[in-house]
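**Q** I'll drop the sequence and a predicted model, then ask my questions.
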Amino acid sequence: MNAHFSASSTGNIKHFLNISDLDSATLRDIITLAKNMKAMQENRKFPLHPAEPIKGRMVALIFSKPSTRTRVSFEVGVKQLGGSAIVLSTHEMQIGRGETIQDTARVLSRFVDAIVLRTGSNDDLLELAHWSSVPVINGLTPFSHPSQVMADIITFEEHLGPIKGRTIAWVGDGNNVANSLIEAAAQFEFKIRLATPETLMPSEKVLQWAKNKGADILLTCNPKEAVSGADCVVTDTWVSMSDDDPEKRLKILEPYRVNQALMALAAPNAIFMHCLPAHVGEEVTKDVFESARSVVFDEAENRLHAHKAMLIWCMMGDNWRQYGER
């Protein structure tokens, strides 16, 4: 299947599979909606929107991998919006005993109003969306992590203002988060500098898509080159649950640790991001992770607001923008 499966290819159903699937204006409006809903929550306006936009709706949260932030942010978000969430593990479903994705999608579509999937197979996400008659949201695949990067955009702009024209440095493995950041660089018009080992580069398909959109991308094996003058430095854990030969990966990535010396090359007010969970001492040193420059827990909190906005975009039809009005 095409890794850039179009959100529009299943008719009027709005899936959020990749940042590349939506147009820039819609993505910006989703960010604005998320910011407005966060402001409502901080002002203690409960319910967060009097209309409770998904009241009476049911969202299935399906996880084939362990999850803290993705599960809690979506489950809390659904409930804050007035809906109900059912959390499912693929190990407890018939899909774990051989039922097809096609049949699973068609069955769940009869019971729920939207599906969030966190999976170890990008093809499973695309197939689920193809057969589902309700919206599907990507909660993480090995290929991309758009729900995380939408929260990252919010976090950056809270601390440093509009992201357009600014410079983001990625240091480490060219993984799923890196792929989604590259797509976001094209859509939100920021510069991205990626320092990765030659054997752990981001997706060539994603890089080519972003370059065709006019994205300003630097790909290097030198962390100092990527970080120099950057407004934000981003990294991620070096070993994920599906990675083979962790000792080999750790050795390859050793020169890519984010420490104080590397952060000193960034802009004076640069911030540090990490999607968590962090292996402090591996991809980032404790003095950076716990420093005033680190916004990792703001970033984690903003998953809630980004995910609520994504749910509203997927589920509330053409008038979805109204639910962020204050």
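**A** Nice, thanks for sending it over. Numbers count the residues shown, from 1 in each chain.
**Q** Going along the chain, name the helices of the stretch 101-250 of the chain.
**A** Secondary structure of the stretch 101-250 of the chain (DSSP state H, counting those that start in this stretch): helices at 101-111, 122-131, 146-160, 176-188, 204-212, 223-227, 246-253.
**Q** What is the distance between the fourth one and the centre of its chain?
**A** In terms of C-alpha atoms, centre = their mean, to the nearest Å, the gap separating the centre of helix 176-188 from the centre of its chain is 9 Å.
**Q** Likewise for the fifth one?
**A** Its chain's C-alpha centre and that of helix 204-212 lie 18 Å apart, by C-alpha atoms, centre = their mean.
**Q** pLDDT weak spots in the protein?
**A** Applying pLDDT under 70 to the chain picks out residues 1-11, 44-51, 96, 241-243, 325-326.
**Q** what residues are up against the residue nearest the centre of it?
**A** The centroid of the chain falls nearest to residue 148 when counting by C-alpha atoms, centre = their mean (2.3 Å). Residues near residue 148 by C-beta atoms under 8 Å, 6 or more residues apart in numbering: 140, 177, 180, 275, 303. C-betas here are computed from N, CA, C, even on glycine.
**Q** still on that earlier bit, distance to residue 93 added to the helices of the stretch 101-250 of the chain, as JSON lines?
**A** Converted to JSON lines, the helices of the stretch 101-250 of the chain look like this (distance: least, C-beta to C-beta, whole Å):
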{"stretch": "helix 101-111", "distance to residue 93": "7"}
{"stretch": "helix 122-131", "distance to residue 93": "12"}
{"stretch": "helix 146-160", "distance to residue 93": "21"}
{"stretch": "helix 176-188", "distance to residue 93": "23"}
{"stretch": "helix 204-212", "distance to residue 93": "30"}
{"stretch": "helix 223-227", "distance to residue 93": "41"}
{"stretch": "helix 246-253", "distance to residue 93": "29"}
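**Q** tell me the most buried of those helices?
**A** Neighbour counts (mean count of other C-beta atoms under 10 Å) averaged over each of the helices of the stretch 101-250 of the chain peak at helix 176-188, with a mean of 26.
**Q** where's residue 212 relative to residue 268, distance?
**A** From residue 212 across to residue 268, the span is 34 Å (C-beta to C-beta, to the nearest Å).
**Q** brain fart, residue 290
**A** Residue 290 is 19 Å from residue 268, by C-beta to C-beta.
**Q** Look at the two and report which has more neighbours.
**A** It is residue 290, of residue 290 and residue 268, that has more neighbours when counted by other C-beta atoms under 10 Å, with 12 against 6.
**Q** do you know how far that one is from residue 29?
**A** Relative to residue 29, and taking C-beta to C-beta, residue 290 is found at 35 Å.
**Q** swap in residue 134?
**A** Residue 134 is 22 Å from residue 29, where distance means C-beta to C-beta.
**Q** Which one of these two is surrounded by more residues?
**A** Just comparing residue 134 and residue 29: by other C-beta under 10 Å the higher neighbour count belongs to residue 134, 22 against 17.
**Q** which residues does the residue nearest to the more buried one when sequence neighbours are not counted contact?
**A** Excluding the flanking residues, the one nearest residue 134 by C-beta to C-beta, 6 or more residues apart in numbering is residue 109, at 5.0 Å. Contact partners of residue 109, counting by C-beta under 8 Å, 6+ apart, are 131, 132, 133, 134.
**Q** No more questions from me, cheers.
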